[in-house]
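[1] The amino acid sequence is not available; the structure is as follows:
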């Protein structure tokens, strides 16, 4: 992929990448996948004149999380880039990270004290309700604003989970990722002391230790959530931006924090708009059409339905997307790509390793290989089965944004 | 693939890998391959509900020997691992190698003496009958038991070929693979003096020289086989075991020494059983069902038939395997994979580079892509064409033995 950058040329092309999260699936009751069961007249018609295939998100047999899944379709080899757990969790709760931040996952836990030392009784504090979590985080936030030169930022997640960010007045090096989790991974054990390698990592470890002590002191009278275990110390990865890598001014149209966060990691502009529906996203796309070269449009609910094993819902979300397809095509994009970041088969109720259908619409395709946009029809397509991180070069090529390589 | 190890989880899954040696083929007289000509009602039925594809054993255009062919389907990239010729030959004649062994291929040769120096007249001693070889090896074995601190182990191969192992009281380093062959590769030339780089390699070279002299002395009155040329000095490669790599307790059910040897190189347990038939192998599989997670079942005769250009025989072996398929399925394996280690087309009478049909049966496949398990029908399958060393991650995924990568 090193050669790509030298071949990039700027054009007026507009590229739309629609990601239906967790799109790929397996046969359900009557032997059909949601894409096969859905009535999608517009997608069917588009499929017949488009290039089809399937992408492998990470590698054969590997089931990706949302991070690696999106990095791949954004053109970054997910086997070569590591996004720390703390960073992903921070993106998931909607925190905007800077280069000066250390992001850490927190779990509220229950401890008892033996000879003055905490011993873990429940690593998840009985999975306290999210509302209780929010009350505690508000209280902690009001009482811990700064430790040494680190500003403390706190945000609740679901149940016992939260995120803490230490924001420094200077850039933080990756060495802080050497800091161990304080979670001892078992009840009956004491929380571990955080220790890291390197001057800054030692300093961050010290701050983490003080933070844990302050939390324990502030929550000492709580019946369940009287301690915080810290995991996944990490920093925002230093990724080449989408514009540096592909020469595209890119924006993200998404409703969930995680996907806005992932897009912002590669430097995409996050579009603000009202509403959570596909309709609202399409409106945002139209509104921003003149302002960018590349539009990442993320639709979450295919994945949620797959995770719930809700075949009918997944089918319905696909049909809903189909009903908006003509509005996207009316914008006359140079290249329209429709795919997913991974498969979420309803029968598995989880992400999976299965290749994901891809459709590339442009004037420069063979087409006429397949009848519909489904897993099985995509197998007949001209793109074959390919690694997800090869998708971006294909989109650039179809947009005529790549020069010839060599003479 | 460095990430794979971190994703492995232990389950109760049972995985069966059936390797029909040299399975892939090309059209014969009536335009059909053996898989196409064979009547295989059970395989046909299984194929319709399985994931199909083809694997490339080593790389495009590369014809593998049995070593690289099996390493690939065992999940080891055969381009990155070297198994020395002496080691492969030793495995082929059924010698069990230790880390303290140097394995060497021997050829009986005919030499004449000029001014007291041997000059090669026939590098293969007129391809003496195997029985004559066995008589000579027995005689040599009785008369050369030890040279310096090396125990000498000898075993006949076919015609002029044999294997000699120097067994030391200590582990032997890979530097002995620097020792040159003593075979001058042409008649009219003197055998070469073995020379190696490194202290142990020098010592082994010296022992090899003494061994050659002793053989020449003992065989001086033989009319044809009066000398031994030595080739392929090598040591057992230090491979990560199958259990270390994939977390699976694995066993091998095979009838030929070479395949038992290859399986033992990756740490599989070799199952002992009576008989040489597919029926006997299936019985062994049933008997060991409770004792392992992974079963490598090797069927040799598809390859032998291909090597003989015997289309009818290859077809018959496939039909025989088909007749046992329901017995394997009755064990209810979590994942059943049927493939070959390479192609052995009858029209070539040799191994070839052609991709090899693969079938993966599990509840987590698309299926319904193809009518039968044949080369051409596998081209329509959901697995596409992929490198053989990606097969193991796929089998682990279908067995649900892999965790999600990244959050």
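    Received, thanks. Only a predicted model underlies this, so the values are computations on that prediction, with no experimental measurement involved.
[2] Residue A:112 belongs to a strand?
    Yes: under DSSP: H, G, I helix; E, B strand; the rest coil, residue A:112 falls within a strand.
[3] On the three-state scheme, the residue in the stretch 101-250 of chain A that chain B sits nearest to is what?
    Nearest residue of the stretch 101-250 of chain A to chain B: residue A:232, at 8.7 Å (C-beta to the nearest C-beta). Any C-beta I mention is one placed from the backbone N, CA and C, and that applies to glycine too. When classified by three-state DSSP, residue A:232 comes out as strand.
[4] show me what contacts residue A:343?
    For residue A:343, the contacting residues are A:22, A:23, A:24, A:25, A:26, A:306, A:351, A:352, A:353, A:354, A:355, A:356, by C-beta atoms under 8 Å, 6 or more residues apart in numbering or on different chains.
[5] For it, which non-adjacent residue is closest in space?
    Excluding the flanking residues, the one nearest residue A:343 by C-beta to C-beta, 6 or more residues apart in numbering or on different chains is residue A:24, at 3.0 Å.
[6] tell me which residues form a beta bridge with the residue of the stretch 301-407 of chain A at minimum distance from chain B?
    Across the stretch 301-407 of chain A, no residue is closer to chain B than residue A:385, which sits at 3.9 Å (C-beta to the nearest C-beta). Per DSSP bridges, the residues bridged to residue A:385 are residue A:54.
[7] burial count for it?
    Neighbour count for residue A:385, taken as other C-beta atoms under 10 Å in any protein chain shown: 21.
[8] Just to check, it is in contact with residue A:54?
    Yes: contact status for residue A:385 versus residue A:54: in contact at 5.0 Å, counting by C-beta atoms under 8 Å.
[9] Mutual contacts of those two, please.
    Common contacts of residue A:385 and residue A:54, defined by C-beta under 8 Å, 6+ apart, comprise A:355, A:379.
[10] For the helix or strand encompassing residue A:47, buried residues please.
    Here residue A:47, judged by DSSP states H and E, is contained in helix A:41-48. Residues of helix A:41-48 classed as buried under the neighbour-count rule (16 or more other C-beta atoms under 10 Å in any protein chain shown) are A:42, A:43, A:44, A:46, A:47, A:48.
[11] Next: stretch A:299-318.
    Buried positions in stretch A:299-318, judged by neighbour count with 16+ other C-beta under 10 Å: A:299-307, A:309-311, A:313-318.
[12] give me the subset of those residues touching chain B.
    Near chain B, taking C-beta under 8 Å from any C-beta of the partner chain as the test, no member of the buried residues of stretch A:299-318 is found.
[13] Please name the residues that touch the residue nearest to residue A:343.
    Residue A:24 sits next to A:54, A:340, A:342, A:343, A:344, A:345, A:352, A:354, A:355, A:356, A:357, A:375 when contact means C-beta under 8 Å, 6+ apart.
[14] Next one: it from residue A:35, what distance?
    8 Å (C-beta to C-beta, to the nearest Å).
[15] what's around the closest residue to residue A:383 other than its chain neighbours, how many residues?
    What sits nearest to residue A:383 in space, not counting adjacent residues and going by C-beta to C-beta, 6+ apart, is residue A:53, at 2.5 Å. Neighbour count for residue A:53, taken as other C-beta under 10 Å: 25.
[16] still on that earlier bit, with respect to residue A:248, which of the buried residues of helix A:41-48 is nearest?
    residue A:46 (22.7 Å; C-beta to C-beta).
[17] Return the residues in contact with residue A:107.
    Contacts of residue A:107 by C-beta under 8 Å, 6+ apart are A:123, A:124, A:125, A:160, A:161, A:162, A:183, A:228, A:229, A:231.
[18] redo that, cut-off 6 Å
    Residues in contact with residue A:107, defined by C-beta atoms under 6 Å, 6 or more residues apart in numbering or on different chains, are A:160, A:229.
[19] The residue of the stretch 301-407 of chain A closest to chain B contacts residue B:385, correct?
    No: here residue A:385 lies out of contact with residue B:385, judged by C-beta atoms under 6 Å, at a distance of 8.2 Å.
[20] Compare the contacts of residue A:24 and tell me which has the most neighbours.
    Using other C-beta under 10 Å as the neighbour criterion, residue A:342 leads the contacts of residue A:24 with 33 neighbours.
[21] correct me, but that one touches residue A:68?
    No: contact criterion C-beta under 6 Å: residue A:342 and residue A:68 do not qualify, at 8.5 Å.
[22] I'd guessed residue A:177 sits against residue A:234; true?
    Yes: with contact defined as C-beta under 6 Å, residue A:177 reaches residue A:234; the gap is 5.3 Å.
[23] Show me which of those two is the more surrounded one.
    Taking neighbours as other C-beta under 10 Å, residue A:177 and residue A:234 compare with residue A:234 leading, 26 against 21.
[24] Which residue, other than its chain neighbours, is closest to that one?
    Residue A:234 sits nearest to residue A:84 (C-beta to C-beta, 6+ apart), 2.2 Å away.
[25] Show the contacting residues for the one you found.
    Contacts of residue A:84 (C-beta under 6 Å, 6+ apart): A:177, A:232, A:234.
[26] Now tabulate those in JSON lines and tack on distance to residue A:329 and pLDDT.
    Putting these into JSON lines (distance: C-beta to C-beta, whole Å; pLDDT from 0 to 100) gives the following:
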{"residue": "A:177", "distance to residue A:329": "44", "pLDDT": "95"}
{"residue": "A:232", "distance to residue A:329": "42", "pLDDT": "94"}
{"residue": "A:234", "distance to residue A:329": "41", "pLDDT": "96"}
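[27] Same list (those) but as CSV, adding distance to residue A:170.
    Shown next, in CSV, are the contacts of residue A:84 (distance: C-beta to C-beta, whole Å):
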residue, distance to residue A:170
A:177, 17
A:232, 22
A:234, 17
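[28] wait, doesn't residue A:197 sit right on residue A:178?
    Yes: when contacts are counted by C-beta under 6 Å, residue A:197 is listed as touching residue A:178 (4.3 Å).
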